[in-house]
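> my questions are about this predicted structure, shown below with the sequence.
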Amino acid sequence: MKITLIKGDITKIKVDVVVNAANSSLLGGGGVDGAIHRAGGPMILHECQDIRNRQGKCKTGEAVITTAGNLPAKKVIHTVGPVYNDGNRLEKEKQLLADCYSNSLKLAEANDLKTIAFPNISTGIYRFPKSIAADIEIESVLNYKSETIEEVIFVCFDDENYQLYKEKLK
């Protein structure tokens with residue numbers, strides 16, 4: 001499995017599937033979530049509403065899949081990252097963040113999607129420390145054994161995350 005690092009906008013990446021750092025409502029929000037919903041258009045929201053009507057909110061660490069609407073990707077995997085709580089529950093939060101990546105990879109594999117782009121889940125408004133989150137993301141991807149996923153792309157929107165990933169991937 002090839003690993004690529006890009007600094008840019010995940011809504012512009014042409015892959016089989018982009019991962020959305022969603023909130024539990026699945027109805028769009030700020031950051032990556034809002035950008036994906038805006039760029040992808042109403043089809044994504046409608047499918048998210050259907051999922052919510054069937055199963056309720058998406059739990060932290062879990063993942064669901066929808067169309068990509070107007071995005072250049074084929075699909076969007078929505079996963080809910082943990083909110084960082086000043087380290088009071090750090091081990092649980094770290095596991096939930098790792099679950100976001102492993103469950104997204106499993107869902108991509110189950111849907112025969114070969115290229116996947118990840119944002120930096122939970123490092124924005126959810127305040128997860130960027131360095132710890134980068135370690136978890138990289139470790140989760142490197143430890144995931146896949147026969148079908150060909151490429152994982154880490155898409156960093158900001159310079160700080162990009163530099164962290166660049167150093168850690170050396």
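That came through, no problem.
> for the nearest residue to Gln55 once chain neighbours are set aside, what are its contacts?
Take Gln55 and drop its neighbours on the chain: the residue closest to it by CB to CB, 6 or more residues apart in numbering is Val64, 7.9 Å away. Just so you know, the C-beta spots here come from the backbone N, C-alpha and C atoms, and that holds for glycine as well. Going by CB atoms under 8 Å, 6 or more residues apart in numbering, Val64 touches Leu26, Cys48, Ile51, Gln55, Cys58, Ile77, His78, Leu107.
> could you rerun that using 7 Å?
Val64 is in contact with Ile51, Cys58, His78, counting by CB atoms under 7 Å, 6 or more residues apart in numbering.
> quick check, it in a strand?
Yes. Under DSSP: H, G, I helix; E, B strand; the rest coil, Val64 falls within a strand.
> out of the contacts of Val64, which is most surrounded?
His78 (27 neighbours; other CB atoms under 10 Å).
> where does this protein have low pLDDT?
Residues of the chain that meet the criterion pLDDT under 70 lie in 87.
> helix, strand or coil for the residue nearest the centre of it?
The centre of the chain sits closest to Val19, judged by CA atoms, centre = their mean, with a distance of 3.6 Å. The three-state label given to Val19 by three-state DSSP is strand.
> distance of it from Ser122?
12 Å (CB to CB, to the nearest Å).
> how close does the residue nearest to the centre of the chain sit to Val76?
8 Å.
> so where do the helices sit in this protein?
Here the chain has its helices, by DSSP state H, at 31-40, 42-55, 90-110, 130-143, 159-168.
> reformat those as TSV; add distance to Phe118.
Output for these, formatted as TSV (distance: least, CB to CB, whole Å):
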stretch	distance to Phe118
helix 31-40	10
helix 42-55	17
helix 90-110	7
helix 130-143	7
helix 159-168	10
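> neighbours of the residue lying closest to Gln49 once chain neighbours are set aside, how many?
Excluding the flanking residues, the one nearest Gln49 by CB to CB, 6+ apart is Leu27, at 7.2 Å. Neighbours of Leu27 under the rule other CB under 10 Å: 14.
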